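> here you go, sequence then predicted model.
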Amino acid sequence: MLIINPATYKNIIRPLLFNLSPETAQGAAEFMLQQDYLWKFLSPLMKVESPRLQTDIAGIRLDNPVGLAAGYDKDCKVIPSLSSMGFGYITCGTVTAMPRPGNAKPRVIRYVEEEALVNSLGFPGKGLASAADELGRVQESRAKAPIVASVSGVTEEDLLKCHRGLEPLADAIEINISSPNTAGLRVFQEPEALGALLSQVNEDRKRPLFIKLPPYKSSADQPSAGEEERDRVLSLVEVCMEQGVSAVPVSNTWPVRDSRLAVGAGGLSGKGVFPDTLRMVTDLKAVIGDRMAINACGGIFSGKDAFEVLRAGATTAQVLTGLIYRGPGIARSINEQLLQTMDEERVVTLSEGIRG
């Protein structure tokens, strides 16, 4: 029970983990998460059961709108434990067609004061065959939380292989075209290339499809560059709507330079990116309307954060860096705070909508 207490995690467990390198700490966390029985036992203490939080994304019923973003469980190894933590859904991966070593180490660093991370991982993982085996193994033991499988690649062939291999084993597929750490991925950030890919995917698609979009800085920060990047992302949104995409996760890490990383640059995540996430959700909702769902991703640490992105037009709020800084009780904490904020704002249920 102590492990899910926010104060205990912050004052005792997190300092121990943060004495380790980020990837070593992740390995220690994964070892604990492989103890399925422990998390199944703790599950009733980690969930917030309230019909007020129930929502729906692309026909998938969710007990609450707080999802785990891609990147934590890269090889889909600890889904049963993550499904016990009170998330509305779990995104596993990102999975690539073939095993990848990722970029050179060091490739993850912490900005502790800012509650942020920078990673240049480059999709390390065991590949499609291993992920499919893991997903097949947990079909009966993943609790109630729906599973979204995140996939990526630098060729149409690899992406189609991943989509076809994992779609029967997941409730939805997320195609990641937005990682700043993978050479070649930007080809699908061109509308024509994305349209061609989605046309191929749609030939065999049977389940909801999400496209994880690249970020852009707001025009207030970089007036000309921001407008150009915004227009480019909105052109991708138009393609997604034309091709019947179900939802767009918004967004990914922000490209930054840091000489402590072996490759000299990576993607920033954490609390500081939240204002830009909120602006992107607002911008995209104005274009999308009700034609696609939006999964807000970036800097969400609290129920107030979740409420803000939901009010701006998102259907769900994803966390990842918040899990590392706040611990395994974060979904419960966000959902409890979200209910409190809904009370303050006189919102009865999420299903009725909370847009201001």
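Received it, and whenever you're ready, just let me know what you need. These numbers come from a predicted model, not from an experiment. Numbers count the residues shown, from 1 in each chain.

> where along the stretch 151-300 of the chain do the helices fall?
Per DSSP state H, counting those that start in this stretch, the stretch 151-300 of the chain has helices spanning 156-166, 191-202, 223-242, 274-288. These are given in chain order.

> where does this protein dip in pLDDT?
Scanning the chain for pLDDT under 70 picks out the ranges 1-3, 141-143, 181, 183, 218-226, 355-356.

> quick one, what contacts residue 228?
The neighbours of residue 228, taking CB atoms under 8 Å, 6 or more residues apart in numbering as the test, come to nothing; the list is empty. Where C-beta positions appear, they are placed from N, C-alpha and C, glycine not excepted.

> distance check, it against residue 147.
36 Å (CB to CB, to the nearest Å).

> still on that earlier bit, output the helices of the stretch 151-300 of the chain as TSV; include the columns distance to residue 130.
Conversion of these to TSV gives the following (distance: least, CB to CB, whole Å):
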stretch	distance to residue 130
helix 156-166	11
helix 191-202	22
helix 223-242	29
helix 274-288	31
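
> of all these, which one is nearest residue 102?
Counting by CB to CB, residue 102 lies closest to helix 156-166 out of the helices of the stretch 151-300 of the chain; the figure is 15.9 Å.

> what's the closest one packed up against?
Using 3 or more CB pairs under 8 Å, 6 or more residues apart in numbering; DSSP states H and E as the contact criterion, the elements in contact with helix 156-166 are helix 128-137, strand 147-151, strand 172-176, helix 191-202.

> and that helix, which residues are buried?
Applying a neighbour-count criterion of 16 or more other CB atoms under 10 Å, one finds 156, 158, 159, 160, 161, 162, 163, 164, 165, 166 buried in helix 156-166.

> same thing with stretch 67-83?
With the criterion 16+ other CB under 10 Å, stretch 67-83 contains buried residues 67-83.

> next one: that stretch to chain centre, how far?
10 Å (CA atoms, centre = their mean, to the nearest Å).

> ok, now stretch 307-323?
Distance of stretch 307-323 from the chain centroid (CA atoms, centre = their mean) equals 10 Å.

> mind checking the end-to-end distance for that stretch?
Distance across stretch 307-323, first residue to last, is 18 Å (CA to CA, to the nearest Å).

> ok, which stretches of the chain are strands?
All strands of the chain, identified by DSSP state E, fall at 55-57, 60-62, 66-68, 89-95, 108-111, 116-119, 147-151, 172-176, 209-212, 247-250, 254-257, 265-270, 293-297, 316-319.

> residues in contact with the second one?
Okay, so that is strand 60-62. Contacts to strand 60-62, defined as CB under 8 Å, 6+ apart, come from residues 54, 55, 56, 88, 89, 146, 171, 172, 208, 316.

> ok, the fifth one next?
For strand 108-111, contacts defined as CB under 8 Å, 6+ apart pick out 18, 21-23, 26, 116-121, 258, 260-261, 266, 270.

> and the furthest pair within these?
For the contacts of strand 108-111, the farthest-apart pair by CB to CB is 18 and 120; their separation is 19.3 Å.

> okay, the two: which has more neighbours?
Neighbour totals were compared for residue 18 and residue 120, and residue 120 leads with 27 against 14 (other CB atoms under 10 Å).

> for the residue lying closest to that one once chain neighbours are set aside, give me its contacts.
Closest residue in space to residue 120, ignoring its immediate chain neighbours: residue 266 at 3.5 Å, by CB to CB, 6 or more residues apart in numbering. Residues in contact with residue 266 (CB under 8 Å, 6+ apart) are 107, 108, 109, 118, 119, 120, 180, 181, 253, 255, 256, 258.
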